[in-house]
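A.B. asks: need coordinates for the following:
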Amino acid sequence: MLSRFIVRSAILATISGLALSLAQSQTPAPQTYSYTQDPAFPIAGPAVVKITRDGPHVVVDQVMPAGFGGREKEYRGHLVYDLQAQKLYTQVLSDPGSPCGLQTFTDPAVPSLFDPVGGSADLLKEIAGGTPLKQTGTETMNGIPSNVMSLTSPKGNGKVWLAQNGGFIVRIDTIPPDGKPVTMIEIKQLSFAKPPASAFTPPGGCIAMDGDTPPKPSTNITALTLQPIAKYNGPCPANIKLTGTITVDGPGKVFYQFGAGQMAPGQLITFDAAGTKTVSQVMPMKPEYGNQMGGSAILEAIAADADGKHGTPTQGSNNSDFTVTCTSGGGK
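C.D. replies: Numbering: from 1, shown residues only. Alright, predicted model coming up:
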């Protein structure tokens, strides 16, 4: 489903001072808008995402081109969130034979990396680190007056544009050691006009993914993290170990999955009390073409009920980049 593929972008891991910048913005974060996110960098390859929002009603449309990870055709997905009714409708438009799914969505907001404008406060808090940002100037980015912030840290350098009104993220660039900036998120075609009500009409004929009575979570997930992944250089297929942590606020069960180009089979983990547990999984990787592949990995999870029943994972960790270089056994 689309909710498994619009996942967390590979953005700066050590940004702090952003939450302060948000608090000092001239106006509150907007609640009604539409815009295009290009690029929007999910785990399954480069994508363009369009967000439409009016208060508790949010629509996410995504297009991913063919080619990445051996994908044979363009992927187009459609999500409709009704935060008031706690419903999430998921639809794969590029595959008419795929049924529309309906599930309960109990989070108070759309995941922040699905919507960096509405979710900027949570996103900025989540990615805050110990290295302060320094304002280097102002710039109108895609028609949005912005404060330009720079970051210099041992983990990497970066540049962030924050809207002067609303304090939301407009763009994030990372600056790797070679000095060539890479844009990870960029907001374009932003409009604050009220979208028509028809934009939020849920698709018909959706199948309840969890039955008539959705599972009641036995605990709450408060944090997910994914550790950095060492670069691999050797024979392929490469067995890459992904390791992360899951933190909950009480006893219960959690369903989790790792993803790196594709989602691995999910697993359940039981917590006897509030706390953090480490989870890991080995994923075989081999480039479809050539001798090198790369991308971003993620850990996704959702709280399950006492019997282990659950819906589709709706929470995700930070991204960790991976690079696999084959000395033998590569793709075509």
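A.B. asks: low-scoring stretches of this structure, by residue?
C.D. replies: The chain contains residues with pLDDT under 70 at 1-27, 41-46, 67-72, 121-131, 153-156, 177-178, 209-215, 261, 288-289, 331-332.
A.B. asks: just give me the longest strand of it.
C.D. replies: strand 292-304 (DSSP state E).
A.B. asks: any idea whether residue 246 is helix, strand or coil?
C.D. replies: Recorded secondary structure, residue 246: strand (DSSP: H, G, I helix; E, B strand; the rest coil).
A.B. asks: I figured it hits residue 221, correct?
C.D. replies: Yes - contact criterion Cβ atoms under 8 Å: residue 246 and residue 221 qualify, at 6.5 Å. Just so you know, the C-beta spots here come from the backbone N, C-alpha and C atoms, and that holds for glycine as well.
A.B. asks: the longest strand of the chain pairs with which strands, and in what direction?
C.D. replies: strand 252-259 (antiparallel), strand 315-316 (antiparallel), strand 320-328 (antiparallel) (DSSP bridges).
A.B. asks: what's the closest of the ones you listed to residue 174?
C.D. replies: strand 320-328 (9.8 Å; Cβ to Cβ).
A.B. asks: for burial, what's the neighbour tally of residue 111?
C.D. replies: 20 (other Cβ atoms under 10 Å).
A.B. asks: whoops, I mixed them up, residue 194
C.D. replies: Neighbours of residue 194 (other Cβ under 10 Å): 12.
A.B. asks: now for it: which residues touch it?
C.D. replies: 32, 54 (Cβ atoms under 8 Å, 6 or more residues apart in numbering).
A.B. asks: which element, helix or strand, includes it?
C.D. replies: For residue 194, there is no enclosing helix or strand under DSSP states H and E.
A.B. asks: begin at 22 from here
C.D. replies: I'll keep to 22 as the first residue from here, and by that count the last item is residue 215.
A.B. asks: where's it relative to residue 135, distance?
C.D. replies: To residue 135, residue 215 is 21 Å away according to Cβ to Cβ, to the nearest Å.
A.B. asks: circling back: which of residue 267 and residue 242 has more neighbours?
C.D. replies: residue 267 (23 against 20).
A.B. asks: ok, the more buried one to residue 135 distance?
C.D. replies: Applying Cβ to Cβ to residue 267 and residue 135 gives a distance of 20 Å.
A.B. asks: swap in residue 256?
C.D. replies: For residue 256, the distance to residue 135 - Cβ to Cβ - is 38 Å.
A.B. asks: those two: who's more crowded?
C.D. replies: Neighbour tally, residue 256 and residue 135, criterion other Cβ under 10 Å: the higher count belongs to residue 135, 27 against 11.
A.B. asks: relative to residue 205, which of the strands paired with strand 313-325 is closest?
C.D. replies: Here strand 341-349 is closest among the strands paired with strand 313-325 (Cβ to Cβ), at 10.8 Å.
A.B. asks: that closest one: which residues count as buried?
C.D. replies: By neighbour count on 16 or more other Cβ atoms under 10 Å, the buried set for strand 341-349 is 341, 343, 345-347.
A.B. asks: do the same with stretch 161-178
C.D. replies: 162-163, 165, 167-170, 172, 174, 178.
A.B. asks: run through the bridge partners of residue 296.
C.D. replies: Beta-bridge partners, per DSSP bridges, of residue 296: residue 269.
A.B. asks: same check on the one 10 residues further on?
C.D. replies: Each beta-bridge partner of residue 306 is listed here: residue 259, as defined by DSSP bridges.
A.B. asks: so it makes contact with residue 257?
C.D. replies: Yes - between residue 306 and residue 257 a contact is recorded at 7.3 Å, counting by Cβ under 8 Å.
A.B. asks: and stretch 249-260, C-alpha only, in CSV?
C.D. replies: Coordinates of each C-alpha in stretch 249-260 appear next as CSV, following Å, rounded to 0.1, in the frame of the first residue of the first chain:
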residue,chain,number,x,y,z
PRO,A,249,23.6,4.1,10.4
ILE,A,250,24.4,1.4,7.8
ALA,A,251,28.0,0.8,6.8
LYS,A,252,28.8,0.9,3.1
TYR,A,253,29.2,-2.5,1.6
ASN,A,254,31.9,-3.5,-1.0
GLY,A,255,32.2,-7.2,-1.8
PRO,A,256,30.5,-10.1,-3.5
CYS,A,257,26.7,-10.0,-4.1
PRO,A,258,24.1,-10.6,-3.1
ALA,A,259,25.1,-8.7,0.0
ASN,A,260,23.5,-9.5,3.3
